[in-house]
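**Student:** Have a look at this fold, sequence not included:
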């Protein structure tokens with residue numbers, strides 16, 4: 001398994017585990033109670049006589065039915081009532097725990113820090129991480145309908161609220177719910193040709209002060225029954 005810091009030390013303890021068996025004149029395979037480090041690590045005795053391991057020798061050592069390194073197989077079945085015992089040196093792994101603040105970025109594998117490894121404290125669904133200039137920090141979730149608002153470089157982001165009645169600007173004053181066109185904002189370019197007829201204006205609603213100088217050009221004038229070649233002239237009261 002992987003470790004952070006120094007690898008584990010595989011160390012033999014000063015104790016042996018002892019397994020005992022009794023021969024029956026026919027059984028050749030005996031399983032230890034604990035996995036052995038290797039075939040050469042164990043000591044096998046029959047009636048206090050140490051046995052030599054290896055192919056063609058007194059016994060071989062291999063895996064049991066579960067695939068664990070536990071099985072001793074004698075080349076000849078020990079005699080009936082023979083006393084068999086095996087000394088198995090116990091081993092352990094000593095793992096060193098890294099001290100606080102000793103794991104640097106160089107020791108962490110790329111893409112090893114997944115979401116499950118991050119804990120900012122008081123984490124809640126909808127929280128956002130941002131870089132606060134020194135470290136990453138937690139911005140608690142905003143309320144429903146808010147948006148994440150940047151305040152530019154060198155500033156932390158905040159939650160913003162969309163205005164339901166924003167203030168208008170430019171050629172329009174007031175708010176969205178009560179917008180008005182500012183004075184002198186409507187010029188000839190804002191009016192479509194032949195767009196202003198009698199039905200769009202109240203009687204006598206447009207006076208001279210409301211019309212920008214030079215705003216009334218040819219295609220804004222409609223005298224009724226206009227025909228090519230007609231001439232406008234001042235009839236003493238109005239143009240006719």
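**Tutor:** Received, thanks. Remember, predicted model here, so these are calculated numbers, not experimental data.

**Student:** Break the chain down into its structural domains.
**Tutor:** Domain ranges of the chain: 9-94, 172-220, per automatic domain parsing.

**Student:** Out of these, flag the one nearest residue 112.
**Tutor:** Between residue 112 and the domains of the chain, the shortest gap by C-beta to C-beta is with domain 9-94, which sits at 22.3 Å. No exception for glycine: its C-beta is placed from N, CA and C like everyone else's.

**Student:** circling back to that earlier point, could you export the domains of the chain as CSV, including distance to residue 107?
**Tutor:** Rendered in CSV, the data for the domains of the chain read as follows (distance: least, C-beta to C-beta, whole Å):
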stretch, distance to residue 107
domain 9-94, 19
domain 172-220, 56
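
**Student:** Out of these, the one nearest residue 125 is which?
**Tutor:** Closest of the domains of the chain to residue 125 is domain 172-220, at 33.1 Å (criterion: C-beta to C-beta).

**Student:** Tell me which of the domains of the chain sits most buried.
**Tutor:** Compared across the domains of the chain, domain 9-94 shows the largest average neighbour count, a mean of 14 (mean count of other C-beta atoms under 10 Å).

**Student:** chain center to that one: distance?
**Tutor:** Averaging C-alpha coordinates over domain 9-94 and over its chain gives two centres that are 52 Å apart (C-alpha atoms, centre = their mean, to the nearest Å).

**Student:** for stretch 229-237, same thing?
**Tutor:** A distance of 78 Å separates the centroid of the chain from that of stretch 229-237, by C-alpha atoms, centre = their mean.

**Student:** How about stretch 189-202?
**Tutor:** Counting by C-alpha atoms, centre = their mean, stretch 189-202 is centred 57 Å from the centre of its parent chain.

**Student:** can you list the residues that contact that stretch?
**Tutor:** Counting by C-beta atoms under 8 Å, 6 or more residues apart in numbering, stretch 189-202 makes contact with 219-220, 222, all of which sit outside it.

**Student:** switch to 10 Å and redo it
**Tutor:** Among residues not part of stretch 189-202, those counted as contacts by C-beta atoms under 10 Å, 6 or more residues apart in numbering are 171, 181, 186, 206, 212, 215-222, 224.

**Student:** ditto for stretch 76-88
**Tutor:** Under the criterion C-beta under 10 Å, 6+ apart, external residues in contact with stretch 76-88 comprise 15-30, 32-37, 41-51, 58-59, 61, 70, 72, 74.

**Student:** mind listing which of the residues you listed are in strands?
**Tutor:** Within the contacts of stretch 76-88, residues falling in strands by DSSP state E are 15-22, 29-30, 43-46, 49-50, 59, 61, 70, 72, 74.
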